[in-house]
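Peer 1: quick one, structure for this:
(chains A, B, C and D)
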2 protein chains.
Amino acid sequence: MNVRMLCLGFLTFGDSTGYEIKKAFQERLSLLYNAGYGSIYPSLNKLHEDGLVMLREEAQNNRPDKKVYSITPEGRACFETYVQRTPGEDHFRSEALTTLMFSHLLPKEHVSDVLDLIIATYQEKIHLLSEDCDMKPTPSEKFLCGFGVKVREAAIDYINQNRHMLESCAQENSKKQTDGVE
Amino acid sequence: MNVRMLCLGFLTFGDSTGYEIKKAFQERLSLLYNAGYGSIYPSLNKLHEDGLVMLREEAQNNRPDKKVYSITPEGRACFETYVQRTPGEDHFRSEALTTLMFSHLLPKEHVSDVLDLIIATYQEKIHLLSEDCDMKPTPSEKFLCGFGVKVREAAIDYINQNRHMLESCAQENSKKQTDGVE
DNA sequence: ACCGTTATATATCAGTCCGATATATCCTTG
DNA sequence: CAAGGATATATCGGACTGATATATAACGGT
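Peer 2: Prediction:
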């Protein structure tokens, strides 16, 4: 599932510009997948080349022409086939948790700070998602929203219950200067 | 946190070859980060150019020379500074859940199949992690292992409790051929 | 009135990453 | 004795990220 296919997917909901597709990624899919202009505009060009979308340019006063894309029958068929394939595996990447794999090199304080940061970040995300959840237009988005909340709640619980495992193997000496015992 | 820095990080545990670093990614960090040879070998070259690692080549019978890398004092200093930065945000990407954002285009059966697949995949991962957890050498890795289990358990619970939200908005008509009502 | 920020709207580019592929040999398993 | 997996290197195309560039309108604050 690459950005190209997801652009095509968003166009099944209706005509759209690159700019609007970017917003759709952010508002509807950012929990699972995100894409920037650097991926979206080239994707739309490629889809147009391949005849999977059509393009009409709308002139605007003192702004770049709006390029409105719409999906063609071939594009729709292509996406429907694609979306019925067996999906690949999930990927999770966390810089914060990765950092904690090197607890043996870190002052104890920093380990605690990173854990607190993770919890705070998750909590804020939970807060945002909980507010949004009811307003989401489709059941799919409500489902996803709830998913994001539940998983983060479980993560916070786990961290609170097990953080001592990491904090106890970090370096005791927090000061690197003028404490010279070594 | 890119592959280059993580290679440097693994070398704080001891000297290693590119091949062994690949294994370390897989065995110790694959829950959070994964890297292939296509990233690792160029990273090691760059680190060597920058004087952050040293290289000694060990000749072997009928095999490519083993290139054993070791971290230099500059490399160690660089990594310790790097690892104390405030870490960036987590990223989660799921092709399966992304697929489900397009439930309105999918036959009901397929939605159920994808949900079952997600659960089965998570359950298998939980099984593997549970077995491995006790054998992990460092507290950091035990912590992470448990994290992977808990989060997936929460995900499975959520999916089982809420899957009807997705299944009810999928297309009823499962057969696309020779059922021609439309 | 002015200034900073956000929103609209396009596009490109360097750096980075992923997955596949290539090469070569040894060891294990059926 | 063949097939497949482990050891060990390396490269390449395609894809993605984040930053940057270009313009202008609208809005709020001082």
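Peer 1: from residue B:157, how far out is the residue of chain A found nearest chain B?
Peer 2: In chain A, no residue comes nearer to chain B than residue A:154, which is 3.3 Å away by C-beta to the nearest C-beta. Just so you know, the C-beta spots here come from the backbone N, C-alpha and C atoms, and that holds for glycine as well. Computed as C-beta to C-beta, to the nearest Å, the residue A:154 to residue B:157 distance reads 9 Å.
Peer 1: what about the host helix or strand of residue A:163, average pLDDT?
Peer 2: For residue A:163, the host element (DSSP states H and E) is helix A:139-167. Taken as a whole, helix A:139-167 has a mean pLDDT of 94.
Peer 1: next one: stretch A:16-34
Peer 2: The model assigns stretch A:16-34 a mean pLDDT of 93.
Peer 1: check stretch A:41-57 too.
Peer 2: For stretch A:41-57, the mean confidence score works out to 94.
Peer 1: if you count neighbours, what's buried in that stretch?
Peer 2: A:41, A:43, A:44, A:47, A:48, A:52, A:53 (16 or more other C-beta atoms under 10 Å in any protein chain shown).
Peer 1: end to end, how far does that stretch reach?
Peer 2: 14 Å (C-alpha to C-alpha, to the nearest Å).
Peer 1: so is that stretch next to chain B?
Peer 2: No: if you take C-beta under 8 Å from any C-beta of the partner chain as the test, stretch A:41-57 misses chain B, and the best it gets is 15.1 Å.
Peer 1: who touches that stretch?
Peer 2: Residues outside stretch A:41-57 that contact it (C-beta atoms under 8 Å, 6 or more residues apart in numbering or on different chains): A:2-4, A:7-8, A:11, A:18, A:21, A:65-72, A:74-75, A:78.
Peer 1: and stretch A:1-9, by the same measure?
Peer 2: A:21, A:25, A:29, A:33, A:35, A:39-40, A:43-44, A:46-47, A:52-53, A:71, A:75, A:78-79, A:82-83, A:87-88, B:95, B:98-99, B:101-102.
Peer 1: just those residues that are near DNA strand D?
Peer 2: A:35, A:39, A:43 (C-beta under 7 Å from any atom of the strand).
Peer 1: just the residues you listed now: which is nearest residue B:166?
Peer 2: Nearest to residue B:166, judged by C-beta to C-beta, of those is residue A:35 at 22.8 Å.
Peer 1: for the closest one, which residues are in contact?
Peer 2: Residue A:35 neighbours (C-beta under 8 Å, 6+ apart): A:3, A:6, A:22, A:25.
Peer 1: report how many residues lie close to the residue of chain A closest to chain B.
Peer 2: By other C-beta atoms under 10 Å in any protein chain shown, 20 other residues sit near residue A:154.
Peer 1: and for the one 10 residues further on?
Peer 2: Counted by other C-beta under 10 Å, the residues lying close to residue A:164 total 11.
Peer 1: just residue A:94 next, same as before
Peer 2: Neighbour count of residue A:94, defined by other C-beta under 10 Å: 22.
Peer 1: please name the nearest non-neighbouring residue to it.
Peer 2: residue B:90 (4.3 Å; C-beta to C-beta, 6 or more residues apart in numbering or on different chains).
Peer 1: give me the number of residues near the one you found?
Peer 2: 19.
Peer 1: which residues sit in contact with it?
Peer 2: Counted by C-beta under 8 Å, 6+ apart, residue B:90 has contacts A:92, A:93, A:94, A:95, A:96, A:97, A:121.
Peer 1: so residue A:75 makes contact with residue A:10?
Peer 2: No: Residue A:75 lies out of contact with residue A:10 (C-beta atoms under 8 Å); the separation is 11.5 Å.
Peer 1: who wins for neighbours among the contacts of residue B:90?
Peer 2: residue A:97 (25 neighbours).
Peer 1: of the buried residues of stretch A:41-57, which pair is most distant in space?
Peer 2: Maximum distance among these (C-beta to C-beta): 15.4 Å, for A:41 and A:52.
Peer 1: pLDDT score assigned to residue A:92?
Peer 2: pLDDT at residue A:92 comes out at 92.
Peer 1: quick one, domains of chain A?
Peer 2: By the assignment in automatic domain parsing, chain A contains the domains A:3-83, A:95-167.
Peer 1: show me where chain A has strands.
Peer 2: A:53-58, A:66-71, A:91-93 (DSSP state E).
Peer 1: for stretch A:69-84, which positions count as buried?
Peer 2: For stretch A:69-84, burial by neighbour count (16+ other C-beta under 10 Å) applies to A:69, A:71, A:72, A:75, A:78, A:79, A:82, A:83, A:84.
Peer 1: which among these are in contact with chain B?
Peer 2: For chain B, the contacts drawn from these by C-beta under 8 Å from any C-beta are A:79, A:83, A:84.
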